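Visitor: just a sequence and a predicted model for now, questions to come.
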Amino acid sequence: MRYMMLIYTREEALENLSPEEYGQTAATHRQVMEDAGRRGILQGAAPLQPTRVATTVRMQDGKAMILDGPFADTKEQLAGYYILDCKDLDEAIAWATRIPTGCGGGEGCVEIRPFRYPPPDA
């Protein structure tokens, strides 16, 4: 089953990382991606730009409302994602525990969501 791992962290903490802290976080992500790639389960992973450059499209009365930034005001922002093809939720949880979310001492989380439909070639 394919799972999307949504990585949430505090953007201000991420932006205040020292070069060494940033390098260590990036190295951990590279290691997770390399390991998942070797196992043949990595289907995608990418960091996201900060919410200040996000655009939200909300439909209201059949018309599109275009908003700058994310719609919800939250303490943690979506920072990136992984797509992994795991055998079950337990395996997905095991991978999620390896994904770094805390930046600059701040806490974060990984939300795991199964895809609703199988991949097109399944």
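Guide: Received the coordinates, thanks.

Visitor: pull up the per-residue confidence for residue 66.
Guide: The predicted local confidence for residue 66 comes out at a pLDDT of 86.

Visitor: quick one: the helices in this protein, in order.
Guide: Along the chain, the segments classed as helices by DSSP state H run 11-15, 19-39, 89-96.

Visitor: my understanding was that residue 80 contacts residue 47; is that so?
Guide: Yes. Counting by C-beta atoms under 8 Å, residue 80 sits close enough to residue 47 to count as a contact (4.1 Å). Using the backbone N, CA and C atoms, a C-beta is placed for each residue, glycine as well.

Visitor: who's more crowded, these two?
Guide: Neighbour count, other C-beta atoms under 10 Å: between residue 80 and residue 47, residue 80 has more, with 18 against 11.

Visitor: quick one, what contacts that one?
Guide: In this structure, residue 80 makes contact with 7, 45-48, judged by C-beta atoms under 8 Å, 6 or more residues apart in numbering.
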